[in-house]
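Engineer: This is the structure alone, sequence omitted:
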């Protein structure tokens, strides 16, 4: 006796009720958990464990959330909740900017990768701005040969469009020059460069700048981010956002215990 196709439980998520249309086959929580498993463990899409929905369904869900900006909305809601226990308002007034170069896999096209001469890395560069607690405000992924000043102009403009109360950003020496004037005159943003003491030797913790370095440290345990495997830059940005949602949700879960 042959068995028919396995029945798939319909999603019973409350926020999907009453929207009309054909019911989804899987709950959004299952999809979110599957994506976070992929980001955390660095697996291929086709290597999705059988405990999760099919890889093609999970990828379709990931792609929809990326293209419609839903992962950004999800991330921002979590960030607002994560700032509350520290006594912070949901909207930040200051931030710290920095960049990180990572090697690119063979799947990354030549058109969106480059060579970082300073770090001797052929790959991509992640430009981020974080708040004073280290939580991510915005991210932009470029080829590794794009300088901090070039990317900073676009990133800061994107930042001020979203965060109207933001008036101060700390940066390192890579953001000096015309970018400081552009931020002040065009964006009405004070870009303060925290310089390293020329007499200092070895590793030195610099005020404010260590916060963004710690954020990169929070992201690196996500194996999908150790190297850039994504064919599109916006997919790389989405992976960073998904990784940061794990950092914040784990922090919130500990506080509820």
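Structural biologist: Perfect, I can see it now. On a predicted model such as this, the values are computed, not experimentally measured, just so you know.
Engineer: going forward, measure contacts between C-alpha atoms and count neighbours the same way
Structural biologist: OK.
Engineer: helix, strand or coil for residue 123?
Structural biologist: Under DSSP: H, G, I helix; E, B strand; the rest coil, residue 123 falls in the strand class.
Engineer: Near it, how many other residues are there?
Structural biologist: 26 (other CA atoms under 10 Å).
Engineer: same check, this time on residue 230
Structural biologist: Neighbours of residue 230 (other CA under 10 Å): 19.
Engineer: who touches residue 191 in this structure?
Structural biologist: 168-171, 180, 183-184 (CA atoms under 8 Å, 6 or more residues apart in numbering).
Engineer: And the contacts of the helix or strand that residue 142 is a member of?
Structural biologist: Take DSSP states H and E as the rule and residue 142 turns out to sit in strand 136-143. Residues outside strand 136-143 that contact it (CA under 8 Å, 6+ apart) are 79, 112-115, 123-131, 151, 155, 159, 215, 233-234, 236-237, 240, 244.
Engineer: With stretch 160-175 instead?
Structural biologist: 91-98, 148-149, 152, 187-195, 208-209.
Engineer: what mean pLDDT does it have?
Structural biologist: Average pLDDT, stretch 160-175: 92.
Engineer: Give me the buried positions along stretch 243-257.
Structural biologist: Neighbour-count burial for stretch 243-257, counted by 16 or more other CA atoms under 10 Å, picks out 243-249, 252.
Engineer: Ok, stretch 46-53 next?
Structural biologist: For stretch 46-53, by 16+ other CA under 10 Å, it's 48, 52-53.
Engineer: okay, the residues you listed in JSON lines with secondary structure next?
Structural biologist: What follows is the buried residues of stretch 46-53, written out as JSON lines (three-state DSSP):
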{"residue": "48", "secondary structure": "coil"}
{"residue": "52", "secondary structure": "coil"}
{"residue": "53", "secondary structure": "coil"}
